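Q: Sequence plus the predicted model coming up.
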Amino acid sequence: MVPTDRSLDLTELCDAADVTPRTVRYYIQQGLLPAPESRGPGAHYNEGHVARLRLIRRLQREHLPLGEIRERLARLTDAEVNQLLRSAPPAKRDASALGYIRNILAGGGPDALSAATVRLSESRARFAESPEPPAARSTWERIALSRDVELHVRRPLTRDQNRLVERLLQLARELTREELR
């Protein structure tokens, strides 16, 4: 998976990383992927794009939000991305949101991939030359789920997002009731 000079069109990139063209365009727009070497129908990508897409997918399976994934990827070189991809994947566990919350409440710490990513990000951050982009204005709501667990929600949300937050809160309440029994 070492980046090469091999040039890929959008279809080849999507096939290699098992994503859709829409996903690639969205990730570029959100700053998760660098722009292609050229624009339009003749856009060309390289193996570094494939590796970053694969790492994004792995980090998403660890329930990391895209904003955090973007921050981590911004500080990684292609070689570091490949190093993380070569590392052993995290142990299988319940991939549902409820399983994630149970793991956190049980004291489960970050897995080896997340820890390695943090270490690489911290070492690269020391050498970052460009300033961080200005933060967008937002209002955050802090919701206490238990004494030591909080949920932070950026407001305003859409109606569907509000329903999702309410469902998450309901599941968290059920889970904490289970843990107290």
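A: Yep, it's here.

Q: can you give me the helices for the chain?
A: For the chain, the helices defined by DSSP state H cover 10-17, 21-29, 47-61, 66-74, 78-86, 97-105, 112-125, 159-180.

Q: buried ones in the first one?
A: In terms of neighbour count (16 or more other Cβ atoms under 10 Å), helix 10-17 has its buried residues at 10, 13-14, 16-17. Just so you know, the C-beta spots here come from the backbone N, C-alpha and C atoms, and that holds for glycine as well.

Q: Then the last one?
A: When burial is assessed from 16+ other Cβ under 10 Å, helix 159-180 yields the following buried residues: 165, 168, 172, 175.

Q: Tabulate these (TSV), appending pLDDT and distance to Thr139.
A: Below are the buried residues of helix 159-180 laid out as TSV (pLDDT from 0 to 100; distance: Cβ to Cβ, whole Å):
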residue	pLDDT	distance to Thr139
Val165	90	14
Leu168	89	18
Ala172	84	21
Leu175	81	27
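
Q: where does the protein dip in pLDDT?
A: Along the chain, the model assigns pLDDT under 70 to residues 1-5, 88-95, 100, 103-138, 179-181.

Q: Break it into its domains for me.
A: With domains defined by automatic domain parsing, the chain comprises 10-102+110-125, 139-180.

Q: which of these sits most buried?
A: Most buried of these, by mean neighbour count (mean count of other Cβ atoms under 10 Å): domain 10-102+110-125, with a mean of 16.
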